[in-house]
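> The sequence and its predicted three-dimensional model are supplied below.
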Amino acid sequence: MDGEHSQEYGMELDIQVLLVDLLRSAWKFLWVEVILVLLCAGVMCFKTHQSYFPQYRAEASFTVYVTNPLQSGIQSYNSATAEQMAKTFPYILTSGALSDLVREELGVAAIPAISASTVENTNIFTLSVTASDPQFAYDVLKTVITHYPEVAEYVVGPTQMSLLDESGVPTQPINQPDYLHTALRGAVVGTVVWLAIVFLIAVSRSTVHNEKQLKQMMNLPCLGLLPKAKGYGKGRKAQYPVMIHDDELLGFAESVRLLRLRVEKELKKREKKVLLVSSAIPGEGKTTVAANLAIALARSGKKTLLLDCDLRNPSVGKVFGQRTAEGLAEYLQGKASEKEIFQRPIEEIQLVVVYGGKSTGEAAELLSRQEAMEFVDTAKEEFDYIIIDTPPCSMMADAMEAAVMADCALLTIRQDYAPKDRILEGAQNLAESGLDVIGCALNGVEKHVMSGSYGYRSYGYHDQGAYKSYGDVLAKKK
């Protein structure tokens, strides 16, 4: 959540929410890490391969003795001489005396890097030549061994160098590329980039995570928290968790019953019976909430009508496994009678369902007809409650047409799904249509939220006049 949204909604960054968002984003974008790790590792290995030039080193070790008979037997003199030779070697090279002799003998314009060193507290002296050509490195080494004593004599005096060991023509480069180490460094870089992306996504998500944030953002009561639940059956049918039988989806059913109690209380307090159920954007579960709420009302003994007014994308029929039944669209077009569109998907309860019918692009026009209003007015006389499922209220004009038929509205909000500005836009549209928005239902809630700090004990409904309709809030802002 960025600073602008935090200031606008008066909310502070919740560390617990941020951690949950980080974990969720990390899991969701785990495939991005795999791609970044492979990409960075591959790029770094490729660059290493492209920039790699093998270097070979030819070496020879000597023992150094002072040729002066009075000093040659004294180890300290020999060690000091070897050390002195190593110290003066760079100056001998840069003076040009030795390098000129080597270039002249080999017939080259330049010689590679040559270095000298001694083993501490010994008279062992080592010469090494490093070049990209192993044979050239060895040729330079032999030439330096030949001419170095006569040049060094002017600096350290007469010496004798006895060869101990030489490498010969080197066969292996001294700078073999470590592709494994390079790949690991690339993997680390890719992981760091991925973590940065995940963090930015997590902190920039402007969605509703829990009831506390919902109350801070909107001055509306949260009438229920509905946990995530798997639908009945297999495949596509499993996307709609619905209480077809009374003993199904026990935890989910308990939440729906609690929602039913609070919704019924609000409707009785207002002496209303037609409730519109909508959401800000598609995918928030408004149809699932509407269907289960209607079932719960019917199971409590109330004669209930569930009306699908989402004529562009009728979904109520899918909830009950009816995909081709005639519905409201056909009734408003004069192609079906009221008797033909009334369905009883659950025989043992007083629930009547009117499906949307075949999808139509004339949804707004059909819902604005006088026949639609007359249909609902007639149904009011027969049913205790009417639940209307509508299209998303922040996107389609159809929801506003359906709002004319309703008395109150319930806004369905899916946890961590819709952007906050779209939720506010949807609530504003409902309020501006003249509907009394009685509250919200937070849908698809994760278990850690249901049982954690925002669990059942903390989202109890408070009938103390603390909540007002969203329309009152808008009026104050204006």
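The structure has been received and is ready for your questions.

> From here on, just use CA atoms for contacts and neighbour counts.
OK.

> So which bits of the lengthiest helix in the chain are buried?
As assigned by DSSP state H, the longest helix anywhere in the chain is helix 179-204. Neighbour counts over helix 179-204 (16 or more other CA atoms under 10 Å) mark 179, 182-191, 193-195, 197-199, 201-203 as buried.

> And stretch 279-297, by the same measure?
279-282, 284-297.

> Among those residues, which are located in strands?
Judged by DSSP state E, strands contain the following of the buried residues of stretch 279-297: Ser279.

> all strands of the stretch 1-150 of the chain, in order?
Ranges of strands within the stretch 1-150 of the chain are 56-66, 113-118, 124-131, based on DSSP state E, counting those that start in this stretch.

> my bad, the stretch 301-450 of the chain
Using DSSP E, counting those that start in this stretch, strands in the stretch 301-450 of the chain cover 304-308, 351-354, 385-389, 408-414, 436-445.

> Please convert those to JSON lines, extending it with distance to Pro314, mean neighbour count and mean pLDDT.
Shown next, in JSON lines, are the strands of the stretch 301-450 of the chain (distance: least, CA to CA, whole Å; neighbours: other CA atoms under 10 Å; pLDDT from 0 to 100):
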{"stretch": "strand 304-308", "distance to Pro314": "7", "mean neighbour count": "27", "mean pLDDT": "95"}
{"stretch": "strand 351-354", "distance to Pro314": "11", "mean neighbour count": "24", "mean pLDDT": "94"}
{"stretch": "strand 385-389", "distance to Pro314": "9", "mean neighbour count": "27", "mean pLDDT": "95"}
{"stretch": "strand 408-414", "distance to Pro314": "17", "mean neighbour count": "26", "mean pLDDT": "93"}
{"stretch": "strand 436-445", "distance to Pro314": "20", "mean neighbour count": "24", "mean pLDDT": "91"}
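
> Redo the ones you listed as JSON lines? Include distance to Met243.
Putting these into JSON lines (distance: least, CA to CA, whole Å) gives the following:
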{"stretch": "strand 304-308", "distance to Met243": "14"}
{"stretch": "strand 351-354", "distance to Met243": "12"}
{"stretch": "strand 385-389", "distance to Met243": "16"}
{"stretch": "strand 408-414", "distance to Met243": "18"}
{"stretch": "strand 436-445", "distance to Met243": "16"}
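
> Nearest to Lys215 among those strands would be which one?
Closest to Lys215 of these is strand 436-445 (CA to CA; 9.7 Å).

> pLDDT weak spots in the stretch 1-150 of the chain?
By pLDDT under 70, the low-scoring segments of the stretch 1-150 of the chain are 1-14, 64-95.

> residues in contact with the nearest residue to Ala183 once chain neighbours are set aside?
Leaving aside its chain neighbours, Ala183 sits nearest to Ala41 (4.4 Å; criterion: CA to CA, 6 or more residues apart in numbering). When contacts are counted by CA atoms under 8 Å, 6 or more residues apart in numbering, Ala41 touches 182-187, 190.

> Please produce TSV containing the residues you listed, extended by distance to Met395 and pLDDT.
Listed next are these as TSV, based on distance: CA to CA, whole Å; pLDDT from 0 to 100:
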residue	distance to Met395	pLDDT
Thr182	51	94
Ala183	48	95
Leu184	48	96
Arg185	48	95
Gly186	45	95
Ala187	43	95
Gly190	39	94
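
> With respect to Lys28, which of those is nearest?
Gly190 (16.6 Å).

> Give me the distance between that closest one and Leu19.
21 Å (CA to CA, to the nearest Å).

> now do Asp178
Distance from Asp178 to Leu19, by CA to CA: 37 Å.

> swap in Glu211?
Taking CA to CA, one finds Glu211 at 17 Å from Leu19.

> which of the two has more neighbours?
Legend: neighbour count by other CA atoms under 10 Å for Glu211 and Leu19, higher for Glu211 (25 against 14).

> picking that back up, among the strands of the stretch 1-150 of the chain, which comes closest to Val37?
Of all those, strand 56-66 comes closest under CA to CA, at 32.9 Å.

> Neighbouring strands of the closest one in the sheet, and parallel or not?
If you go by DSSP bridges, strand 56-66 pairs up with strand 124-131 (antiparallel), strand 159-166 (antiparallel).

> Tell me how far it lies from the chain's centre.
60 Å (CA atoms, centre = their mean, to the nearest Å).

> ok so, going back, name the residues of the following helix or strand past the longest helix of the chain that are buried.
The element immediately downstream of helix 179-204 (helix or strand, assigned by DSSP states H and E) is helix 211-217. For helix 211-217, burial by neighbour count (16+ other CA under 10 Å) applies to 211, 213-214, 217.

> In JSON lines, list those along with pLDDT and distance to Val319.
Converted to JSON lines, those look like this (pLDDT from 0 to 100; distance: CA to CA, whole Å):
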{"residue": "Glu211", "pLDDT": "80", "distance to Val319": "27"}
{"residue": "Gln213", "pLDDT": "80", "distance to Val319": "30"}
{"residue": "Leu214", "pLDDT": "83", "distance to Val319": "27"}
{"residue": "Met217", "pLDDT": "81", "distance to Val319": "31"}
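
> Among these, which one lies nearest to Lys265?
Glu211 (20.0 Å).

> That closest one reaches Leu442, doesn't it?
Yes. Using CA atoms under 8 Å, Glu211 is in contact with Leu442, at 7.3 Å.

> Name the residues contacting each of these two.
Cys222.

> Just the C-alpha atoms of stretch 321-338, please, in PDB.
Listed next in PDB are the C-alpha coordinates belonging to stretch 321-338 (Å, rounded to 0.1, in the frame of the first residue of the first chain):
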ATOM      1  CA  GLY A 321     -26.300 -26.900 -12.300                       C
ATOM      2  CA  GLN A 322     -28.900 -25.400 -14.700                       C
ATOM      3  CA  ARG A 323     -27.200 -23.900 -17.700                       C
ATOM      4  CA  THR A 324     -30.000 -23.800 -20.300                       C
ATOM      5  CA  ALA A 325     -33.100 -23.000 -18.400                       C
ATOM      6  CA  GLU A 326     -35.400 -20.100 -19.500                       C
ATOM      7  CA  GLY A 327     -35.300 -17.100 -17.200                       C
ATOM      8  CA  LEU A 328     -35.800 -13.400 -16.700                       C
ATOM      9  CA  ALA A 329     -34.500 -12.400 -20.100                       C
ATOM     10  CA  GLU A 330     -37.100 -14.600 -21.900                       C
ATOM     11  CA  TYR A 331     -39.800 -13.300 -19.500                       C
ATOM     12  CA  LEU A 332     -39.000  -9.700 -20.200                       C
ATOM     13  CA  GLN A 333     -38.900 -10.400 -24.000                       C
ATOM     14  CA  GLY A 334     -42.300 -12.000 -23.800                       C
ATOM     15  CA  LYS A 335     -41.000 -15.500 -24.700                       C
ATOM     16  CA  ALA A 336     -41.800 -17.200 -21.400                       C
ATOM     17  CA  SER A 337     -44.500 -16.900 -18.700                       C
ATOM     18  CA  GLU A 338     -44.000 -16.400 -14.900                       C
END
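
> All set now, cheers.
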